[in-house]
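Trainee: Next input, structure requested:
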Amino acid sequence: MTTTGLISTGLTIEGMTCAACVARVEKRLGRIAGVTAEVNLATGRARVSHPTSVPPEDLLAAVERAGYRGRLETPGPAPEQDPPSGGPERDRLVIMCLLAVPVIVCSMVPALQFRNWQWLCLALAAPVVVWGAWPFHARAVAGLRHVTVTMDTLVSLGVVASFGWSVYALFGGGAGMPGMRMSFAWTATPGGAMAHLYLEAAVGVPLFVSAGRFLEARARRRTGAALTGLAELAAKDVRLEDGRRVPIGELRAGQRFLVRPGERIPADGVVAEGGSAVDVHLLTGESTPVECGPGDHGAAGTTT
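Mentor: This is a model prediction of the structure:
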């Protein structure tokens with residue numbers, strides 16, 4: 001689409017996780033003269049308006065400099081970024097859950113703290129902190145290379161800090177003594193802080209954030225599939241009043257077209273001649289067809 005020397009280009013951007021990522025991509029693209037961008041975090045897409053003198057390669061380079069991966073949007077339905085079953089991310093989440101839950105329960109329920117329980121929790125927490133939270137650490141480092149802070153930076157910093165203090169407490173603060181017990185309290189206490197462990201925080205933060213993102217991605221896939229299904233219901237061509245069939249994109253405002261019984265109405269319009277019962281349940285939920293005649297409005301996607 002061309003407007004006053006500007007063209008609109010669609011980009012698919014990978015690696016965004018929060019609103020700060022969206023703002024960074026828009027800001028980076030906006031630094032190019034004459035370029036404006038609107039980025040949608042939910043769909044992972046950007047609509048960029050730019051002069052014809054700015055090639056798409058420059059837009060992709062700007063996205064790369066912001067610390068994200070970009071590619072030109074392909075026609076048709078958007079490809080799924082995640083496999084329907086969840087794939088590696090689901091497997092990672094399941095393993096993290098199996099390792100983290102015993103650490104959280106044992107750390108927060110004093111009655112379950114057996115002799116040397118803290119060393120078992122350390123052994124279970126280490127894979128979660130290093131391997132399970134690796135995507136957060138990698139994105140945090142990538143953000144720091146581009147002098148930016150995102151939610152991944154906060155998660156990574158919290159995990160490293162809580163795990164690092166716990167390791168120090170175990171080896172140098174007295175928390176590694178056999179028979180050590182750690183009581184649960186709603187508030188912090190100054191006494192004996194050296195022996196406090198925070199392994200439950202080190203494993204709980206990446207576990208819950210990963211679970212939230214996994215559920216969000218699954219909901220986004222289902223929403224995208226529903227929208228794609230609705231888009232497929234729309235008519236792909238239209239029959240003009242002279243009998244010719246043309247692609248729906250060639251229909252212009254003010255043109256008259258013919259809709260026969262059993263066909264979908266290809267575009268919003270007003271009935272000029274004739275009449276029919278129109279099934280509008282997709283729009284209104286009404287199960288009974290509605291009679292339409294001259295002067296009535298017809299909605300795209302409904303069936304005569």
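
Trainee: drop to CA atoms for contacts and neighbour counts, all remaining ones
Mentor: Will do.

Trainee: L99: what's its closest spatial neighbour, skipping adjacent residues?
Mentor: L124 (5.5 Å; C-alpha to C-alpha, 6 or more residues apart in numbering).

Trainee: try A300
Mentor: A267 (4.3 Å).

Trainee: Please apply the same query to V278.
Mentor: Nearest residue to V278, sequence neighbours excluded (C-alpha to C-alpha, 6+ apart): T304, at 4.3 Å.

Trainee: The one you found reaches H281, doesn't it?
Mentor: No: using C-alpha atoms under 8 Å, T304 makes no contact with H281, being 11.7 Å away.

Trainee: So which residues of the stretch 201-304 of the chain form strands?
Mentor: 237-240, 245-247, 257-258, 269-270, 276-278, 290-292, 297-298 (DSSP state E, counting those that start in this stretch).

Trainee: Show the average pLDDT along the fourth one.
Mentor: Right, strand 269-270. Mean pLDDT, strand 269-270: 85.

Trainee: And for the last one?
Mentor: Per-residue pLDDT values across strand 297-298 average out to 81.

Trainee: what does the third one give?
Mentor: Along strand 257-258, the predicted confidence averages to a pLDDT of 84.

Trainee: Could you list every helix and strand in contact with it?
Mentor: strand 237-240 (3 or more C-alpha pairs under 8 Å, 6 or more residues apart in numbering; DSSP states H and E).

Trainee: Buried residues, the strand it packs on. List them.
Mentor: 238-239 (16 or more other C-alpha atoms under 10 Å).

Trainee: Check which strands are paired with that strand and give the direction for each one.
Mentor: Sheet pairing for strand 237-240, assigned by DSSP bridges, gives strand 245-247 (antiparallel), strand 257-258 (antiparallel).

Trainee: picking up where we left off before, so the residue nearest to A300 touches A299, yeah?
Mentor: Yes: with contacts counted by C-alpha under 8 Å, A267 reaches A299, the gap being 6.5 Å.

Trainee: Neighbour count for those two, which is higher?
Mentor: Taking neighbours as other C-alpha atoms under 10 Å, A267 and A299 compare with A267 leading, 19 against 16.

Trainee: one step back: please identify which of T304 and H281 sits among more neighbours.
Mentor: Between T304 and H281, counting by other C-alpha under 10 Å, T304 is the more crowded of the two (21 against 14).

Trainee: Now do the same contact list for the more buried one.
Mentor: Listed by C-alpha atoms under 8 Å, 6 or more residues apart in numbering, the contact set of T304 reads 259-265, 276-279.

Trainee: ok so, going back, could you redo the strands paired with strand 237-240 as TSV and give each row distance to G158?
Mentor: TSV is the format used below for the strands paired with strand 237-240 (distance: least, C-alpha to C-alpha, whole Å):
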stretch	distance to G158
strand 245-247	55
strand 257-258	62
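
Trainee: Need the winner for burial among those strands.
Mentor: Comparing the strands paired with strand 237-240 by mean neighbour count (mean count of other C-alpha atoms under 10 Å), strand 257-258 ranks first with a mean of 20.

Trainee: Give me the contact list for it.
Mentor: Identification of contacts with strand 257-258 by C-alpha under 8 Å, 6+ apart yields 238-241, 243.

Trainee: cool, stretch 34-54 as well?
Mentor: So stretch 34-54 is in contact with 5-14, 16-19, 22, 25-26, 29-30, 220, going by C-alpha under 8 Å, 6+ apart.

Trainee: what comes up buried for it?
Mentor: For stretch 34-54, by 16+ other C-alpha under 10 Å, it's 35-39, 41, 43-51, 54.

Trainee: Output that stretch as CSV, restricted to C-alpha atoms.
Mentor: Backbone C-alpha positions of stretch 34-54 (Å, rounded to 0.1, in the frame of the first residue of the first chain) are rendered in CSV as follows:
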residue,chain,number,x,y,z
GLY,A,34,10.9,9.0,7.9
VAL,A,35,10.2,5.7,9.6
THR,A,36,7.3,5.0,12.0
ALA,A,37,6.5,1.6,13.5
GLU,A,38,3.8,0.0,15.4
VAL,A,39,4.7,-3.2,17.2
ASN,A,40,2.3,-5.8,18.6
LEU,A,41,3.7,-7.9,21.4
ALA,A,42,0.9,-10.5,21.3
THR,A,43,1.3,-11.3,17.6
GLY,A,44,5.1,-10.6,17.4
ARG,A,45,4.5,-8.4,14.4
ALA,A,46,5.4,-4.9,13.4
ARG,A,47,3.8,-2.6,10.8
VAL,A,48,6.5,-0.2,9.6
SER,A,49,5.7,2.9,7.4
HIS,A,50,8.9,4.0,5.6
PRO,A,51,10.0,6.0,2.5
THR,A,52,10.7,4.0,-0.7
SER,A,53,14.3,5.0,-0.3
VAL,A,54,14.6,2.9,2.9
